[in-house]
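Colleague: Next comes the sequence, and after it the predicted model I'd like to discuss.
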Amino acid sequence: MFAIIGIVIVLGAVVGGFLMEKGHLLVLLQPAELLIIGGAALGTLLVANPTHILKGIFSGLMSVLSGSKFNKVRYLNTLKMMFEFLNKIRKEGLLSVEMDVEKPNESSIFKKYPDFLKDHHICDFVCDTLRMAITGGVEPFDMDQMMELDMEVHHHDASQPISALSTMADALPGLGIVAAVLGVVITMGAIGGPPEEIGHKVAAALVGTFLGILLCYGVAGPLASNMTKISDDLNAYLHVLRVIMLGFLKGSAPMISIEMGRRAIPSHLRPGFLEMEKACKGGGEPAS
């Protein structure tokens with residue numbers, strides 16, 4: 001939502017300032033220039049990237065428009081879910097959660113947290129780790145190494161669409177110059193015509209440069225930056241789960257493991273200890 005508001009403010013400020021200087025808005029409406037820049041930018045994106053990165057760009061942009069899903073409520077529910085799960089292991093043993101791990105969609109614990117089940121990577125991250133713990137014979141240090149490797153791979157995968165979008169954003173000013181040069185070529189062909197016609201063609205050519213720079217620094221660049229922050233949010237969330245599971249695998253009590261995870265939560269989203277304790281031990285349904 002804030003991304004949409006920000007883009008509207010950028011465009012509104014630019015157009016508003018142009019109108020305050022007695023500019024004619026219709027001069028900025030140059031479909032041909034927009035087609036040259038937009039089409040060329042899309043073409044470079046298709047040339048440079050395979051399908052999975054293009055899908056990643058699309059899903060990343062949707063995430064930007066919808067906002068980060070990792071808020072304080074999500075973290076509280078995660079702490080509560082992991083406390084319930086680890087408490088079950090402490091009381092009934094590791095084998096008691098074997099079916100929860102193998103079929104998380106049928107788990108009586110996980111079913112209460114649809115956000116967790118809906119995000120397949122997060123769900124697999126937890127279940128795969130606990131599956132190895134149930135199998136046995138793996139030291140906590142090795143489990144930590146596996147979790148770290150999983151996080152590194154996912155972070156690398158998430159960074160590729162961001163890099164692709166940033167590269168396209170960097171190319172937009174250059175594509176704007178291409179559109180401007182084409183406009184100058186057309187203008188030169190009209191030399192000798194009415195001054196009004198030549199002036200219109202020169203204005204159209206300059207609009208190409210204007211659009212390229214505006215789309216780069218006012219739209220595409222900030223969107224790529226926002227996608228980076230969303231990727232960092234996911235990495236921080238996985239780190240919290242990693243700390244919780246590693247603490248428990250090392251022999252800490254469920255509440256101690258949850259407290260270790262709470263302290264790994266980013267400070268602006270971290271719930272207080274009493275708030276966490278109330279959520280974990282209070283029972284009831286997850287917060288919404």
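Modeller: Looks like it came in fine. Residues are numbered from 1 along each chain as shown.

Colleague: And Asn226, how close does it get to Lys118?
Modeller: In this view, Asn226 and Lys118 are 21 Å apart by C-beta to C-beta, to the nearest Å. Using the backbone N, CA and C atoms, a C-beta is placed for each residue, glycine as well.

Colleague: Pass me the low-pLDDT residue ranges in this structure, would you?
Modeller: Counting by pLDDT under 70, the chain contains low-confidence residues at 1, 283-288.

Colleague: for it, what spans make up the helices?
Modeller: Taking DSSP state H, the helices of the chain run over residues 2-20, 25-28, 31-48, 51-66, 72-92, 98-102, 114-118, 120-135, 140-189, 195-215, 221-249, 254-263, 273-281.

Colleague: Which strands or helices does the fifth one pack on?
Modeller: The one in question is helix 72-92. Applying 3 or more C-beta pairs under 8 Å, 6 or more residues apart in numbering; DSSP states H and E, one finds that helix 72-92 makes contact with helix 114-118, helix 221-249, helix 254-263, helix 273-281.

Colleague: Out of these, which gets nearest to Ile37?
Modeller: Ile37 lies closest to helix 221-249 among these, at 14.7 Å (C-beta to C-beta).

Colleague: on that earlier part again, adding mean neighbour count and distance to Ser108, write the helices of the chain out as JSON lines.
Modeller: Formatted as JSON lines, these follow (neighbours: other C-beta atoms under 10 Å; distance: least, C-beta to C-beta, whole Å):
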{"stretch": "helix 2-20", "mean neighbour count": "12", "distance to Ser108": "37"}
{"stretch": "helix 25-28", "mean neighbour count": "12", "distance to Ser108": "59"}
{"stretch": "helix 31-48", "mean neighbour count": "15", "distance to Ser108": "45"}
{"stretch": "helix 51-66", "mean neighbour count": "15", "distance to Ser108": "29"}
{"stretch": "helix 72-92", "mean neighbour count": "19", "distance to Ser108": "9"}
{"stretch": "helix 98-102", "mean neighbour count": "15", "distance to Ser108": "8"}
{"stretch": "helix 114-118", "mean neighbour count": "15", "distance to Ser108": "12"}
{"stretch": "helix 120-135", "mean neighbour count": "16", "distance to Ser108": "15"}
{"stretch": "helix 140-189", "mean neighbour count": "17", "distance to Ser108": "25"}
{"stretch": "helix 195-215", "mean neighbour count": "18", "distance to Ser108": "50"}
{"stretch": "helix 221-249", "mean neighbour count": "20", "distance to Ser108": "19"}
{"stretch": "helix 254-263", "mean neighbour count": "20", "distance to Ser108": "17"}
{"stretch": "helix 273-281", "mean neighbour count": "15", "distance to Ser108": "17"}
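
Colleague: my guess is Ile89 contacts Glu98, does it?
Modeller: No: using C-beta atoms under 8 Å, Ile89 makes no contact with Glu98, being 10.5 Å away.

Colleague: one step back: how about the helices and strands packed on helix 72-92 in TSV, adding distance to Ala171?
Modeller: Formatted as TSV, the helices and strands packed on helix 72-92 follow (distance: least, C-beta to C-beta, whole Å):
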stretch	distance to Ala171
helix 114-118	35
helix 221-249	11
helix 254-263	42
helix 273-281	47
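
Colleague: Please identify which of those is closest to Met132.
Modeller: Per C-beta to C-beta, nearest to Met132 of those: helix 221-249, 9.5 Å.

Colleague: What is that closest one packed up against?
Modeller: Using 3+ C-beta pairs under 8 Å, 6+ apart: helix 221-249 touches helix 2-20, helix 51-66, helix 72-92, helix 120-135, helix 140-189, helix 254-263.

Colleague: In TSV, list those along with distance to Ile244.
Modeller: Listed next are the helices and strands packed on helix 221-249 as TSV, based on distance: least, C-beta to C-beta, whole Å:
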stretch	distance to Ile244
helix 2-20	30
helix 51-66	24
helix 72-92	5
helix 120-135	9
helix 140-189	11
helix 254-263	4
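
Colleague: Just tell me which of these ends up closest to Phe273.
Modeller: Judging the helices and strands packed on helix 221-249 by C-beta to C-beta, what sits closest to Phe273 is helix 254-263, at 7.0 Å.

Colleague: what sits against the nearest residue to Ile89 once chain neighbours are set aside?
Modeller: Spatial nearest neighbour of Ile89, chain neighbours left out: Val97 (5.7 Å); criterion: C-beta to C-beta, 6 or more residues apart in numbering. Contact analysis of Val97 by C-beta atoms under 8 Å, 6 or more residues apart in numbering lists Phe85, Lys88, Ile89, Leu130, Ile134.
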